[in-house]
Every structure is written in structure tokens, then in C-alpha cells.
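[1] below are the sequence and a predicted model; questions follow.
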Amino acid sequence: MSLHEMSNRRASVIVVVLWAIALAAIVTSAVQLTAFRQAMQGREAFARTQTRWAARAGLEDTIAVLADHTFDPIPDDAFAMIYDLEDVALGEVEGASYEILHHVNGRDFKGPMDEHSRFNIHHDSQRGRIMQTFRNMRIDIPSSISDWIDDDDEPSTFGVEREYYLSLAYPYEPRNGPMHNMAELELIAGIWPEYVRGEDWNFNNRLDPEENDGALSLPEDEPDGILEPGWAARLTTFSLAEGATGTGLPRLELRHATIDELVDRLGVSERHAEMLIGYGNGSETSLESLYFSPISGTSSNPASIGQSGSGTQNLGQSSRNSQPSGTPNQNQGQSQSGSRNQSSGESAMQEILPSETVDLILSETTLNRPYERHPGKMNINTVEADFLREMFPDHTDIADEIIYLRNSRPQGIVSISELQDLPEMTDDMFQIMLELFTTTSNIYTVTSRGISKASGLEVEMIVVVDRSTLPVRIIEYREQ
């Protein structure tokens, strides 16, 4: 082999070796890049898992507090549960932390959002009046909402029904029943998403970065550090009537309660317990009317009216409408007729119960059946102050008195009957208050955000929980 041939052969070998080295470098780089990416994905998955369970830890802490106060309530302190919820609103787990906040009027508050601070849209009687105070509200919208909820296909004066929705380019059926959540409002004729959501585009009750950056990203917002929510900030579909009691025991259905149960739970006499059962089995549909309406019964000892047995409370006094014997009365004939059906020595009587006793009855009993769910009232201790004033534009002095009363007491307003003592409160206004307000809450929206300490990765859970019965139930769950 000549020298020239040997040189060519060596050159070929060198080229092959160089190509092999280059190929090995490419393969090694690819393997390294794949390994790096897999490591990054593994770290991200690990961080996401840590963060997710941190958010879940915050949720579970909140549920534990709600369950504890449902089982063992503090009935003489309306703010006790709120303070305990604030105590578990921030926490840490290994590698991550969590925070549970809600934003109101430019401030972040620790703890979940009380759904009873909002007006339940399923209340028919006051819906139109209250919603007329909202921005972008037209006269036809409350009617359209009523038509969406009711179970018939007959449109109201300003509303629309099934025929309209089926005529749309993309037709759909109206609910014709209770709404599931506030996003459903956007399906109703005349309502746009920006009306309902405002700047809180994801319904999480928090000011997110994209909701505070102006025109840089959707939704449109003012970068002022204040969340400007839509109607959803003052409306809810979740709040639930009655529910948790002041004793932690299951609520008694008044129609089917026994005398012994009422005596033990309410501390009343057997005679008054029997009268309350009779009241529950009558035509009355509201326990709140007991603040004004008497209960009826019979007694073999008229002098005992208003007196209870040993260890019981005094329930009231004789009827305001009683008259001396022989006084002309338009119901005299009816009374005489009724007396013929009574045994010797018995007499008919009526009693107005003291407010304290009615408070107990509302706290511990119900006229509703256990499987029925009725829209809840607003909690007078948590309803937003400006909303309270706007609900009563002709009675802002009463709204201011309520706000001062709840803020001046460490325990808040414990019973709704306390409003009767306000200087400007009239019987008519108090009846409206009874229809709209309560002092306890059953439903909360928990926005629990987990944050990874290593990467800053965030996972957020938006969970609606119901503490009206035990165990506490999750009725809506979202994760983002």
C-alpha cells in the first residue's frame, strides 16, 4: 500500500470518528435535554401535588371549624365562628403554604365568603325591589328571572319564557326550577356576563392579577387594587334556610315534635308545648309570625296563663284582645259555641309569646320537612354595609342603626329580635327584617389557594360547603 493510499485511509477514519463523536454529542445532548425536561416536569408535578394538598389542607381546616361550631355552637356570640375561621385561614405544610381569603371593598379578609351575606335570588317577594338598586338593571330583568325559575311556560308582563329561548340561533331550554349557581344568570334574556361577574371573572371572590392589570389581559378592569364585582357580589343561589341550631342538635319539625322534646329543648311547660304543636299543625306557614300572633289553647286553670312549670320559662301573658265577661264582642257567638265543646272547667285562651321564647323556637324548630330546602335569609352580621343601606333607601337611619349595633358589640347581633329595640324600628319594618334577615349562616364559599415555596406555583380550590347538617357537605367544587 502506497503512502498516498495510507493517508487517504487515515483521513477517512478520522472523518468517520469525527462524525461518530458528533453523533454521540447530539445523542448525549438529546438525552440530557430529555432528562432535564423530565426532571423539570417531575419537580413541577411534585410541587403541584404539594401545592394542591396544601390548598386541600386549608379547606379541611375550614370544614373542621364549621363542623365543630355546628356540633357545639356558641349561641351567645354571633362572631365566634368567624374568628375561628380567620385563625385557620393561613397555614403551612411541608414545602407549601395555603391562604383562604375573600376581597370586599378593596380589602382582603381572612376566611371564607359567607353566602348568607348575599340576597338569595330565589326569594320572590323582595327580589324585584332589591335588584332595582343594582347597576345595569332594567325593569324587565327581574321578570325574566322569575320566568326562568318558575315551573310554567307563561311569560310575565315583562318577561320571556320557553318559546323565546327555543327561537334563538342556538336554542336551549329554560331551567323552570331553582338555579344551580350565579353563572346561570348569563343564560337569561337581557343579562350579559359583565353584569353578573364585573371584574371577578372566575367567581372566586378574590382580586387576581389579570383582574387588576387594565387592558393587558381580559377581563376589562381598572388597575386600582379594588375588585369591582358584578351582581354576583350581592346575589346567591346557595344560601339555605334554618339548618344549624343553637344547641347543635337536629332541628325539630314542629308538626311532629313531641311534648317532651319541646319541653326539653325550649324549656317550656307541657301546656305551652302542646299549644306550639297545635300552632305547627294549623294553617300558619311562618314561625316568624309568632312575634306578633298569639298561640291558642285551653286550660282548666285560667289563672295559670303565662306561668310555666318548675324549671321552665315564662312564656307570656293573656291575649291583648281579651275582654271582661259580658262585654259585647263580634266573636262572642263563636266563643260560646266553642265553649260547648270544652269539658267542664276548661277555658279558651290565647297568648303572645315573649321575643326570647320565639328566638328559641326559630333557632330549634321548623315547619318545613327534613328533605325540603328553602332559600336562606341574609345574615344581619355579615351583609355588606353599603348593600344594607341601598336595600332601604327610605330608611337609611335604620340601616345605620343596625350597622352601629353589630359593630359596637363583640358578640354581634345574636338574635333578630334585638332589632325591635332600635329607636326607628316600627312593627312594619320589623316584619320586613324578619323576612330578609337572620343571625346565623349555613353556606360558605371557601377559596383556598396553595402556594409552592420552591417554585411559587399556585393551585386554587373554590368550594361551596354546607354546614346545615353534619357531616359538612361539599355542594360545589372547582379547581384551577
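    Looks like it arrived, so ask away. Numbers count the residues shown, from 1 in each chain.
[2] what residues are up against residue 74?
    Neighbouring residues of residue 74 by C-beta atoms under 8 Å, 6 or more residues apart in numbering: 80-81. Every residue, glycine included, has its C-beta placed from N, CA and C.
[3] what helix or strand is it on?
    If you go by DSSP states H and E, residue 74 is not part of any helix or strand.
[4] need the pLDDT of residue 380.
    On pLDDT, residue 380 comes in at 97.
[5] quick check: phi and psi at the residue nearest to it when sequence neighbours are not counted.
    In this structure, residue 380 finds its nearest non-sequential neighbour in residue 437, 4.3 Å apart by C-beta to C-beta, 6 or more residues apart in numbering. Phi and psi for residue 437, reported as degrees, to the nearest 10, are phi -120, psi 160.
[6] would you confirm that residue 437 contacts residue 382?
    No. Applying C-beta atoms under 8 Å, one finds residue 437 not in contact with residue 382, separated by 10.5 Å.
[7] picking up where we left off before, how about the residue nearest to residue 380, what does it touch?
    377-380, 383, 416, 419.
[8] where's residue 476, which helix or strand?
    Using DSSP H and E, residue 476 falls in strand 473-479.
[9] wait, residue 278
    Here residue 278 sits within helix 270-280, counting by DSSP H and E.
[10] what's the answer for residue 44, then?
    Following DSSP H and E, one finds residue 44 within helix 3-71.
[11] tell me the helix or strand right after that helix.
    helix 80-87.
[12] quick one: name whatever helix or strand follows that next one.
    Assigned by DSSP H and E, the successor of helix 80-87 is strand 90-93.
[13] helices and strands around that following strand, which ones?
    helix 3-71, strand 96-104 (3 or more C-beta pairs under 8 Å, 6 or more residues apart in numbering; DSSP states H and E).
[14] can you count the residues close to residue 369?
    Neighbours of residue 369 under the rule other C-beta atoms under 10 Å: 9.
[15] OK, contacts around it?
    Contacts of residue 369 by C-beta under 8 Å, 6+ apart are residue 253.
[16] for the one 4 residues further on, same thing?
    Listed by C-beta under 8 Å, 6+ apart, the contact partners of residue 373 are 240-241.
[17] residue 226 now?
    Listed by C-beta under 8 Å, 6+ apart, the contact set of residue 226 reads 105-106, 207.
[18] ok, residue 459 next?
    Contacts of residue 459 (C-beta under 8 Å, 6+ apart): 48, 51-52, 54-55, 449-450, 479-480.
[19] residue 224 now?
    residue 212.
[20] sticking with it, tell me its helix or strand.
    Secondary structure (DSSP H and E) places residue 224 outside all helices and strands.
[21] per-residue confidence for it?
    pLDDT, read off for residue 224, is 92.
[22] need the phi and psi values for it.
    Per degrees, to the nearest 10, the backbone of residue 224 is at phi -110, psi 10.
[23] sorry, back to before: so what's the gap between the strand holding residue 476 and the chain middle?
    Centroid separation between strand 473-479 and its chain, computed with C-alpha atoms, centre = their mean, to the nearest Å, is 13 Å.
[24] contacts for that strand, please.
    Contact with strand 473-479 is made by 52, 181, 238, 443, 459-466, as judged by C-beta under 8 Å, 6+ apart.
[25] hmm, back to that, filter the contacts of residue 226 down to the buried ones.
    Burial by neighbour count, 16 or more other C-beta atoms under 10 Å: within the contacts of residue 226 this picks out residue 207.
[26] could you dump the contacts of residue 226 into a markdown table with pLDDT and distance to residue 195 added?
    What follows is those, written out as a markdown table (pLDDT from 0 to 100; distance: C-beta to C-beta, whole Å):
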| residue | pLDDT | distance to residue 195 |
| --- | --- | --- |
| 105 | 89 | 20 |
| 106 | 89 | 21 |
| 207 | 93 | 19 |
